[in-house]
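Colleague: okay, here's the prediction I keep looking at, along with the sequence it came from:
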Amino acid sequence: MLTDKEIVDAIERNKIIIEPYHEERLGPVSYDLKTVFDRIPWDGNIARLVSEEKITLSRDIVGLVSLRSRAVVKEQIFASFSSLVDPGYSGKLTFLVYSPMDYAFNWEELFQIMFFKIGKVGTAYNERVSSTAMGRDGF
């Protein structure tokens, strides 16, 4: 797992591109994503979200997305998303979230992404013919 210093180094070497990048969102071993509504929520408890950030990874970096602990404990959020961000991926990340609580939850700061250095893959995500989410802006 990359540390904050290693993440910054990877960003400086274009191994990881986060657009827009906000230094204050960088944690000790992760980057806090900001999400926005992809579409109007279905009701007060369910929302489709997309990351504000476009994430681009080199062929030797993989990302792992998880809910931030605050989202699970305070907001009591359940989420559906692919937690793996493949080497070579470039695009926004999408989420479907649900809260059983009958109030408007804080949907902007629910997720974080961690990065791992791996050996170079044979075929990166952006090189696969079957890749469907490159350049994703939402659903």
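Modeller: In hand now; what should we look at? All values reported here derive from a predicted model rather than from experimental measurement. Numbering: from 1, shown residues only.

Colleague: next structured bit after whichever helix in the chain runs longest?
Modeller: Using DSSP state H, we find that the single longest helix of the chain is helix 4-12. Per DSSP states H and E, helix 4-12 leads on to strand 16-19 as the next helix or strand towards the C-terminus.

Colleague: report the mean per-residue pLDDT for that next one.
Modeller: Confidence for strand 16-19, expressed as mean pLDDT, is 98.

Colleague: same thing with stretch 111-124?
Modeller: Computed over stretch 111-124, the average pLDDT equals 93.

Colleague: end to end, how far does it reach?
Modeller: When the termini of stretch 111-124 are compared using CA to CA, to the nearest Å, they are 24 Å apart.

Colleague: just give me the neighbour total for Thr35.
Modeller: 22 (other CB atoms under 10 Å). To be clear about C-beta, it is placed using only N, CA and C from the backbone, and glycine gets the same treatment.

Colleague: can you check the one 10 residues further on too?
Modeller: Taking other CB under 10 Å as the criterion, the count of residues near Asn45 is 16.

Colleague: wait, doesn't it sit right on Pro100?
Modeller: Yes. Between Asn45 and Pro100 there is a contact at 6.8 Å, judged by CB atoms under 8 Å.

Colleague: give the buried residues for the longest helix of the chain.
Modeller: 7, 10-11 (16 or more other CB atoms under 10 Å).
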